[in-house]
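>>> 3D model of this:
(2 chains, ligands or ions: 2)
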Amino acid sequence: MVNSVEVEDLKVVRDHTQVLRGISFTLAPGTVTGLLGPSGSGKTTLMRSLVGVQTGVTGSVRLLGEPAGARSLRRSVGYVTQAPAVYADLTVIENLRYFAAVLGADAARVTAVLEQVDLSDRAGQAVHTLSGGERARVSLAVALLGSPQLLVLDEPTVGLDPVLRRDLWLLFAELARAGATLLVSSHVMDEATRCDRLLLLRAGQLVADDTLAGLLARTGARDAEGAFLAIAEAVPA
Amino acid sequence: MNRRATLATTARVLRQLRHDPRTIALLLAVPVLLLTLLRYVYDNKPLVFDHVGGPLLALFPFTTMFLVSSVAMLRERVSGTLERLLTTPLAKADLLFGYALAFGTVAVVQTLVASSVALGPLGLDLAGPTVGVVGLALLDALLGMALGLLLSAFARTEFQAVQFLPAAVLPQLLLCGLFAPRAQMASVLRGLADVFPLTYAVDGMQQLAVGGLTGQLARDYLVVAGCVVAALLLASATLRRRSA
Ligand SMILES: Nc1ncnc2c1ncn2[C@@H]1O[C@H](COP(=O)(O)OP(=O)(O)OP(=O)(O)O)[C@@H](O)[C@H]1O
Ligand SMILES: [Mg+2]
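Ligands and ions are numbered 1, 2, ... in the order given. Take a look at the predicted model:
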């Protein structure tokens, strides 16, 4: 089966600094991959390179068989930025209806994604009056509207309570079961248990690309956090 | 171009404006207040009011539309929604023409309100046809909008965007022939004035103040309309999907 994402020797220079230093990995369809790494390690830069909004990129980045940023990908790739990118002065439903029109999604999709992110009862509320976690979920709902084959989610669960976080991870698993490929970044190492596979990023380099079980076996650590520390200490920065 | 996406963008921008009634009130009231002020500044010189009133009828909407549209576009950039939109199938032209239609609608209302007050109660007496005056004022408002959208691409912060107003508009204003006749300017300044679109906007109003439709007036309409289209196309060409 052909991979949803194929990245080879990806390097990114931002403002004269090398932020990503030669990254290669692939993502198989129907999987949830966690992108973990400390603050500043390059998670957002990697995601921006995948969706084709980053400059200073060298190497090969292919999504669904097309080069990153290709026109045909704009319909099949959903991207949730780290800071919620929605119109704060509009209501939840106004935001969703606008993006639905842009993506060619119908009214039923709008209702469905509201349900999926558990915001049906907030539909009429202005986004600037929502809590941080609610706002993040509006942003996620927008990305789900077009039923994308590939979802690139930058810290979608940050600031959410454990119940909501669990529900969202269940949603991600369900989307993957339906055939979508998900790349989800997170700071929270215990979210690693929710992922089929993990990419550990440190100072712009991929220091691990494995399942959680594989990582634990390799490092002898008891949890993802321990495994990450063991690997980080073994690899010079 | 995708008509659905363009119109949805127009509706969205107008909806955002509707959530901000104070801005709507300011957009409609400020030109009227300024024209009223001007009318009483020249209380005993009605001919002077007729002479500068026309150009200013064009300038106030030009300036407000420039500001509103550049700030709106900058907000789109800062909030991350621009980047998000650029990862969707929305074409850059759909976005800009969506904006243009929305602010064009606002410009129509603003121009109609300002000109009906100026030509009515304030007694602004222009020799040219009213349709011509309103039409040119509208084109000028659209010019302000198009230049605002274009220049906002070069602003990274709100402070910069606001500074573009004096930087881009005041030189055009100083040289447009309102303060000193262009014929009396040094040739360098006259050359500059000749390439500034606002010159043609003001020249058109001065033509309308004294007479009917002339060839020069037709040229003014064409130049201003051409600049609106050119600025929008340029704005669409300078909008980059990728950023640092
Ligand atoms: N616009 C920029 N210009 C220059 N350098 C940048 C820019 N944005 C980010 N960087 C740098 O690139 C590096 C990686 O940033 P990135 O945002 O990808 O990290 P991250 O892993 O997403 O961090 P976090 O978990 O805090 O979101 C950081 O050192 C950051 O300072
Ligand atoms: Mg980040």
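
>>> need the helices for chain B, in chain order.
Secondary structure of chain B, counting by DSSP state H: helices at B:3-18, B:21-41, B:46-78, B:81-86, B:92-119, B:130-152, B:158-175, B:187-195, B:197-210, B:215-238.

>>> quick one: closest of those to chain A.
Nearest to chain A among these is helix B:3-18 (3.4 Å), distances taken as C-beta to the nearest C-beta. All C-beta spots, glycine's among them, are computed from the backbone N, C-alpha and C.

>>> the residue in chain B that ligand 1 sits nearest to: neighbouring residues, count only.
Closest to ligand 1 within chain B is residue B:244: 5.1 Å, counting by C-beta to the nearest ligand atom. Around residue B:244 there are 11 other residues, counting by other C-beta atoms under 10 Å in any protein chain shown.

>>> what does chain A put close to chain B?
Counting by C-beta under 8 Å from any C-beta of the partner chain, the positions of chain A adjacent to chain B are A:14-15, A:51-56, A:69, A:71, A:74-75, A:77, A:79, A:81, A:83-90, A:94, A:97-99, A:101-104, A:126, A:142, A:146.

>>> give me that answer again for 7 Å
Residues of chain A lying close to chain B by C-beta under 7 Å from any C-beta of the partner chain are A:14-15, A:51-56, A:69, A:74-75, A:79, A:81, A:83, A:85-90, A:94, A:98, A:101-103.

>>> can you pull out the strands in chain A?
Counting by DSSP state E, chain A has strands at residues A:5-14, A:17-27, A:32-36, A:57-63, A:66-67, A:77-80, A:150-154, A:181-186, A:197-202, A:205-210.

>>> wait, which of those strands is closest to residue B:94?
Proximity to residue B:94 (C-beta to C-beta) singles out strand A:77-80 among these, at 18.7 Å.

>>> residues in contact with the closest one?
Residues from elsewhere that reach strand A:77-80 (C-beta atoms under 7 Å, 6 or more residues apart in numbering or on different chains): A:51, A:63, A:139-140, A:143-144, A:146, A:148, A:150-154, A:156, B:84, B:87.

>>> for the residues you listed, which one is nearest ligand 2?
Nearest to ligand 2 among the contacts of strand A:77-80 is residue A:154, at 5.8 Å by C-beta to the ion.

>>> quick one: that closest one from ligand 1, how far?
Computed as C-beta to the nearest ligand atom, to the nearest Å, the residue A:154 to ligand 1 distance reads 7 Å.

>>> for that residue, the count of nearby residues, please.
Neighbours around residue A:154, by other C-beta under 10 Å: 22.

>>> please apply the same query to residue B:74.
Neighbour count of residue B:74, defined by other C-beta under 10 Å: 23.

>>> now do it, the pLDDT please.
Residue B:74 is assigned 90 on the pLDDT scale.

>>> could you do residue B:1 as well?
At residue B:1, pLDDT is 73.

>>> so it makes contact with residue B:96?
No. In this structure residue B:1 lies outside contact range of residue B:96 using C-beta atoms under 7 Å: 10.6 Å.

>>> now do the same contact list for the residue nearest to residue A:216 when sequence neighbours are not counted.
Distances taken as C-beta to C-beta, 6 or more residues apart in numbering or on different chains put residue A:227 closest to residue A:216, at 5.8 Å, once the chain neighbours are dropped. Taking C-beta under 7 Å, 6+ apart, we find residue A:227 in contact with A:215-216, A:219, A:221.

>>> just the ones of those in helices?
If you go by DSSP H, the contacts of residue A:227 have A:215-216, A:219 in helices.

>>> return a PyMOL selection command for the buried portion of those.
To isolate the buried members of the ones in helices among the contacts of residue A:227 in PyMOL, using 16 or more other C-beta atoms under 10 Å in any protein chain shown:
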select buried, chain A and resi 215+216+219
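
>>> of the ones in helices among the contacts of residue A:227, which is the nearest to chain B?
Nearest member of these to chain B, counting by C-beta to the nearest C-beta, is residue A:215, at 31.3 Å.

>>> doesn't residue A:198 make contact with that closest one?
Yes. Using C-beta under 7 Å, residue A:215 is in contact with residue A:198, at 6.4 Å.

>>> identify the contacts common to the two.
Shared contacts of residue A:215 and residue A:198 (C-beta under 7 Å, 6+ apart): residue A:208.

>>> who's in contact with the closest residue to residue B:155 other than its chain neighbours?
Nearest residue to residue B:155, sequence neighbours excluded (C-beta to C-beta, 6+ apart): residue B:161, at 4.0 Å. Residue B:161 makes contact with B:70-71, B:74, B:152, B:155 under the criterion C-beta under 7 Å, 6+ apart.

>>> and residue B:1 and residue B:96? which has more neighbours close in?
residue B:96 (24 against 8).

>>> list buried residues within the residues of chain A next to chain B.
Burial by neighbour count, 16+ other C-beta under 10 Å: within the residues of chain A next to chain B this picks out A:14, A:51-54, A:56, A:69, A:74, A:79, A:81, A:85-90, A:94, A:98, A:101-103.

>>> restricted to helices, list those residues.
Judged by DSSP H, those include A:51, A:94, A:98, A:101-103 as members of helices.

>>> return the member of those nearest to chain B.
Set against chain B, the nearest of these by C-beta to the nearest C-beta is residue A:101 (3.4 Å).

>>> go ahead and confirm the closest one touches residue B:10.
No. Under the criterion of C-beta under 7 Å, residue A:101 makes no contact with residue B:10, lying 10.6 Å away.

>>> re earlier: and the contacts of strand A:77-80, which two are the farthest apart?
A:63 and A:139 (20.5 Å).

>>> quick revisit: how about the helices of chain B in CSV, adding distance to residue A:6?
Shown next, in CSV, are those (distance: least, C-beta to C-beta, whole Å):
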stretch, distance to residue A:6
helix B:3-18, 30
helix B:21-41, 48
helix B:46-78, 31
helix B:81-86, 23
helix B:92-119, 28
helix B:130-152, 37
helix B:158-175, 39
helix B:187-195, 50
helix B:197-210, 49
helix B:215-238, 31
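
>>> in a markdown table, list those helices along with distance to ligand 1.
Listed next are these as a markdown table, based on distance: least, C-beta to the nearest ligand atom, whole Å:
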| stretch | distance to ligand 1 |
| --- | --- |
| helix B:3-18 | 27 |
| helix B:21-41 | 31 |
| helix B:46-78 | 13 |
| helix B:81-86 | 12 |
| helix B:92-119 | 21 |
| helix B:130-152 | 19 |
| helix B:158-175 | 16 |
| helix B:187-195 | 35 |
| helix B:197-210 | 34 |
| helix B:215-238 | 19 |
